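Chemist: Predicted coordinates and the sequence they were generated for:
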Amino acid sequence: MKRWLSTSLSLFLVGGMVLSGCSSRTGTAPAPGAGTPDKKEAATPAPAAGGDSGAAKMKLTVYSTVNDPPIQAVYKEIVEGFKKENAGVDVELQFPGSEYENILKVKMAANDMPDVFDTHGWAQIRYGKYLADLRGESWASQLTSTIKNVVTDKDGKVYALVMSEAKDGITYNEDILKQYNIEPPKTFDELVAAAEKIKNESKGEAIPFYFSGIDSWMFGSFLDIFATSMFISPKTNQAEALLNNTFDWNKWSDLAQMMLDLQKKGLINKDALTAKYSDMPKLFANGKVVFSFGSPSFADEVHKVSPKLKIGYMPVPSVVAGDETNFSGGERYTMGAWKDSKHLPEAKKLIAYFAKKENMEKIANSTKLPPGLTGVTSNHEFSDYYKKYENIRVFPYFDRVYLPNGMWDVMCKQGTELMAGRITPQQFSQMMKQEVERLRKK
């Protein structure tokens, strides 16, 4: 009897641990459809679109990397429109935030992907074998010349709808730059000089740069865009050495030191390791933060606090003498369909609905980014900036071309370690070298 009770208790505890592990994968309560597909739901035949709304509905799971609430609201609005036109289809829209990549890695390993998901820059390299071919969709021929080759392979397979093209530079508080008679910097030295001027003349009230250790991608973004300025955009560059694995990783120490120096000079927020990205728009709106590395997609959040604030946008300053400014680009917000989805026709139908001109325009105006389809007209506060800088070079994101899959996480985490003082720039460089070599052997 004791042996039976012991065995039963052990099984109960093991079962509890398994359930607990599934619940904690995303850091929140498990969302429906996030783990093993519901067998009952999968066995229920989906009613035809537009059928009896009282019948059991087929569910599409949709995962997106969108973090900004105003853009999430636009996605939800579009989904509601789709559901009205397709009464037999329910859509579960999820925004996992910083856990997105970790969740998708687990799902890839289990071959249990969302019906529709954001490829966030990795349509071919990371997610290619999980994605359906969308070349036959009506919108596929409208992909812009700047994004078509990014999501189309040599055989013509189209991997995803690109709703927003990335064109990362620096977003800035134009009112503050005018207040201190500063022109948008064109070199990194000019950027640092502007930051020091603002810090000193505002008596520390305005923080030039904002970072978040909780949202460590902010460190990664700085390193990624300035790696392009330091190693790729100059006429004499390291592109070939990076591709053929002969790059001297000691050079990475200079880039790491650039970021560390901003901290040492007091040009970033003192709570950088514990701050949250979600707090940045309000600080920006109140004139407490001046520059932000990356896209201006948070502008609507700023205007909720300061409706009249003028926000500017500029390319990434050059680092090497004699070089020019640039943007980093590629996929930003996309939708691809899981090729093994039980509801692939409906998944493609949802993607096509997002590709409608009026919906693409809503997304463009909320993200403040160039649309990935031609014939889409956007009209927002940054349209004139994109026009002004339309001839500035756009390079693919550094990590997507010159680093193996998996290095983005390394950059973000080690960037945080650097700013926390737990590693030196030289140790950061050695970690980059070590991880690149390890991942390239996979």
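Modeler: Perfect, I can see it now.

Chemist: Okay, now the unreliable bits of this structure?
Modeler: The chain contains residues with pLDDT under 70 at 1-55.

Chemist: would you list every one of the helices in the stretch 1-150 of the chain?
Modeler: Ranges of helices in the stretch 1-150 of the chain, per DSSP state H, counting those that start in this stretch, are 2-23, 39-43, 69-85, 100-109.

Chemist: sec struct for Ala275, please.
Modeler: coil (DSSP: H, G, I helix; E, B strand; the rest coil).

Chemist: Quick check: which element contains the closest residue to it other than its chain neighbours?
Modeler: Closest residue to Ala275 apart from its sequence neighbours, by Cβ to Cβ, 6 or more residues apart in numbering: Ser212 at 4.7 Å. The C-beta positions use only the backbone N, C-alpha and C, and glycine is treated the same way. Of the helices and strands defined by DSSP states H and E, none includes Ser212.

Chemist: Ser212: neighbour count?
Modeler: Neighbour count for Ser212, taken as other Cβ atoms under 10 Å: 22.

Chemist: check contacts around it.
Modeler: Going by Cβ atoms under 8 Å, 6 or more residues apart in numbering, Ser212 touches Met218, Ala272, Ala275, Lys276, Tyr277, Met280.

Chemist: again, only this time at 7 Å
Modeler: Shown in contact with Ser212 (Cβ atoms under 7 Å, 6 or more residues apart in numbering): Met218, Ala272, Ala275, Lys276, Tyr277.

Chemist: Now a ChimeraX select for only the buried ones of those residues.
Modeler: Applying 16 or more other Cβ atoms under 10 Å to those leaves a buried subset, and the ChimeraX line that selects it is:
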select :218,272,275,277
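
Chemist: What residues of stretch 347-364 count as buried?
Modeler: 347-356, 359-364.

Chemist: of all the residues you listed, which comes closest to Pro185?
Modeler: Within the buried residues of stretch 347-364, proximity to Pro185 (Cβ to Cβ) peaks at Ala364, which comes in at 27.2 Å.

Chemist: For Phe382, see how far away that closest one is.
Modeler: Distance check for Ala364 against Phe382: by Cβ to Cβ, to the nearest Å, it reads 10 Å.

Chemist: cool, Ile170 as well?
Modeler: Per Cβ to Cβ, Ile170 is found 12 Å from Phe382.

Chemist: looking at this, Lys154 is in a helix?
Modeler: No: counting by three-state DSSP, Lys154 is not found in a helix; it is coil.

Chemist: what residues does stretch 194-208 touch?
Modeler: With Cβ under 7 Å, 6+ apart as the test, stretch 194-208 has contacts from 176, 180, 182, 185, 209, 265-269, 287-291.

Chemist: ok, the closest residue to Lys57 other than its chain neighbours - contacts?
Modeler: Spatial nearest neighbour of Lys57, excluding adjacent residues (Cβ to Cβ, 6+ apart): Asp90 at 4.3 Å. Contact analysis of Asp90 by Cβ under 7 Å, 6+ apart lists Lys57, Lys59, Lys83.

Chemist: Specify the local secondary structure of Tyr172.
Modeler: Following three-state DSSP, we place Tyr172 in the strand state.

Chemist: Tell me how far it lies from Val302.
Modeler: Taking Cβ to Cβ, one finds Tyr172 at 12 Å from Val302.

Chemist: show me the contacts for Phe382.
Modeler: Neighbour list for Phe382: Pro296, Tyr313, Lys368 [criterion: Cβ under 7 Å, 6+ apart].

Chemist: Tell me, how many residues neighbour the closest residue to it other than its chain neighbours?
Modeler: Spatial nearest neighbour of Phe382, chain neighbours left out: Lys368 (4.8 Å); criterion: Cβ to Cβ, 6+ apart. Applying other Cβ under 10 Å, we find 27 residues neighbouring Lys368.

Chemist: Can you give me every residue that contacts Lys368?
Modeler: Ser295, Pro296, Ser297, Ala299, His380, Phe382.

Chemist: Off-centre distance for stretch 261-274?
Modeler: 23 Å (Cα atoms, centre = their mean, to the nearest Å).

Chemist: Return the set of buried residues in that stretch.
Modeler: Buried-residue list, stretch 261-274, by 16+ other Cβ under 10 Å: Leu262, Gln263, Leu267, Ile268, Asn269, Ala272.

Chemist: What is the end-to-end distance of it?
Modeler: For stretch 261-274, the separation between the terminal residues is 19 Å (Cα to Cα, to the nearest Å).

Chemist: Quick one: residues in contact with that stretch.
Modeler: Surrounding stretch 261-274, the residues in contact under the criterion Cβ under 7 Å, 6+ apart are 195-196, 199, 207-214, 275, 419-420.

Chemist: Now do the strands in the stretch 101-250 of the chain.
Modeler: Using DSSP state E, counting those that start in this stretch, the strands assigned to the stretch 101-250 of the chain run over residues 116-117, 161-173, 207-209.

Chemist: ok, of the buried residues of stretch 261-274, which one's closest to Met431?
Modeler: The closest of the buried residues of stretch 261-274 to Met431 turns out to be Gln263 (Cβ to Cβ; 18.7 Å).

Chemist: That closest one is in what secondary structure piece?
Modeler: Using DSSP H and E, Gln263 sits in helix 252-264.
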